[in-house]
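A.B. asks: Sequence plus predicted model, see below.
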Amino acid sequence: MTSAPTRFTTSVGPEDASERLDRFLSRRFPKVSRARFQDVIANGGVAVEGTVVRQPRRKVKAGEQVKVELPPAVPPEPKPEAIPLAIIFEDQELVVIDKPAGLVVHPSAGHETGTLVNALIAHCGASLSGIGGVRRPGIVHRLDKDTSGLLVIAKTDEAHRGLSEQFAAHGRDGRLRREYLAIVWGVPEKRRGRITAPLRRSSANRKKIAVSKARDAREAVTHYEVIEAYGNPPVASLLRLGLETGRTHQIRVHLAHIGHPLLGDPTYGRGFSASVSKLSEAAKGALAALGRQALHAGVLGFEHPITHIKMLLESELPLDIAVLREKLGDRAHPKEIIK
């Protein structure tokens, strides 16, 4: 049986005059996202003074009556799949998972099934209230397939909007905190640093991201701190990384840009393949067994979009990176190797 649409009517107040219709509705009804209202308007679900309006940009006037018919959330296109998930936190609004390496976040060409979205649809079931009108989980940030670590996913439209606002601010308003642990080739000259290098898709290889001075390159800023180094002389080091922006492949490209790419990165670390010869046999075996970039999203902090409680979640290094760290050999504190 198909659920009935939700209908409601509201009046435009003097303080709302000249506001866009979609913005007015999303502010008046905060549990529904602006994107959802834009879709409803475009499909004839909103009438102003008895006339259907299909332009989200249409300005409202004081005293106007606005009627909305909100269709029920439709079933998702991706199919539910019973894929085990490491749930770190979950309530009615959101879920935080510790994503293993190898799990693709969202269905795409070549990865139509077996993704995190498929798993979440099966896990959350009817608790998904509909993101943008579709009963699916709200992905507000992603990790590369071969990057492990913490991800927060919205289960409701209201939570999706609140989390999206925090990720759009990239922590500049103090609500969001994202930290990664990475094992890189060599040791940066400074114990702490800030990498500022705009990024855009590579013109030579559309599958890669590159540092660029082109006008359409997007600002990208990464902070790093050296935690420890391995070997004597040191051949690799463990870094703690913080993001001021969240671009595709940002950490991987920025670390390669400063000459310290991630161990195991097949895309941006190929120029350092000769460095493998400097490793012990045990470390070589651990790196081969890793089979991915040594990058883990270990800390995720955010403000709960509904309760406004400060959340701080942590994930230890997964076994494959922890073994690599152990096999890399003698550890040195950065104070001993960085002047």
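C.D. replies: Yep, it's here.
A.B. asks: Report the strands that pair with the host helix or strand of A229, each with its relative direction.
C.D. replies: Element membership for A229 (DSSP states H and E) is strand 221-230. Here strand 221-230 is paired, per DSSP bridges, with strand 192-196 (antiparallel), strand 236-243 (antiparallel), strand 331-332 (antiparallel).
A.B. asks: Contacts for it, please.
C.D. replies: 181, 187-188, 191-196, 236-245, 250-251, 254-255, 325, 328-334, 337-338 (Cβ atoms under 8 Å, 6 or more residues apart in numbering). Where you see a C-beta, it was placed from the backbone N, CA and C, and this is true even at glycine.
A.B. asks: just the buried members of the residues you listed?
C.D. replies: Neighbour-count burial within those applies to 181, 187-188, 191, 195, 236-245, 250-251, 254-255, 325, 328-329, 331-332, 334, 337-338; the criterion is 16 or more other Cβ atoms under 10 Å.
A.B. asks: for the helix or strand R178 falls within, packing partners?
C.D. replies: Applying DSSP H and E as the criterion places R178 in strand 177-185. When contacts are defined as 3 or more Cβ pairs under 8 Å, 6 or more residues apart in numbering; DSSP states H and E, strand 177-185 packs onto strand 236-243, helix 250-257, strand 295-303, helix 319-327.
A.B. asks: Recalculate using a threshold of 6 Å.
C.D. replies: strand 236-243, strand 295-303 (3 or more Cβ pairs under 6 Å, 6 or more residues apart in numbering; DSSP states H and E).
A.B. asks: Pull up the gap between the nearest residue to K207 once chain neighbours are set aside and A256, please.
C.D. replies: Nearest residue to K207, sequence neighbours excluded (Cβ to Cβ, 6 or more residues apart in numbering): T267, at 7.9 Å. Distance of T267 to A256, computed by Cβ to Cβ, to the nearest Å: 9 Å.
A.B. asks: cool, and N205?
C.D. replies: For N205, the distance to A256 (Cβ to Cβ) stands at 14 Å.
A.B. asks: where does the stretch 1-150 of the chain have low pLDDT?
C.D. replies: 1-3, 73-76, 108-110, 129-136 (pLDDT under 70).
A.B. asks: Sketch out the strands for it, chain order is fine.
C.D. replies: Along the stretch 1-150 of the chain, counting by DSSP state E, counting those that start in this stretch, strands occupy 6-11, 46-48, 51-52, 65-70, 87-90, 94-99, 138-139, 148-154.
A.B. asks: isn't L312 right up against E303?
C.D. replies: No: taking contacts as Cβ atoms under 6 Å, L312 lies outside contact range of E303: 10.5 Å.
A.B. asks: Please say which of these two ends up with more neighbours.
C.D. replies: Taking neighbours as other Cβ atoms under 10 Å, L312 and E303 compare with E303 leading, 18 against 9.
A.B. asks: How about that one, nearest residue that isn't a chain neighbour?
C.D. replies: R175 (4.4 Å).
A.B. asks: count of residues packed around the one you found?
C.D. replies: 20.
A.B. asks: Just say helix, strand or coil for it.
C.D. replies: coil (DSSP: H, G, I helix; E, B strand; the rest coil).
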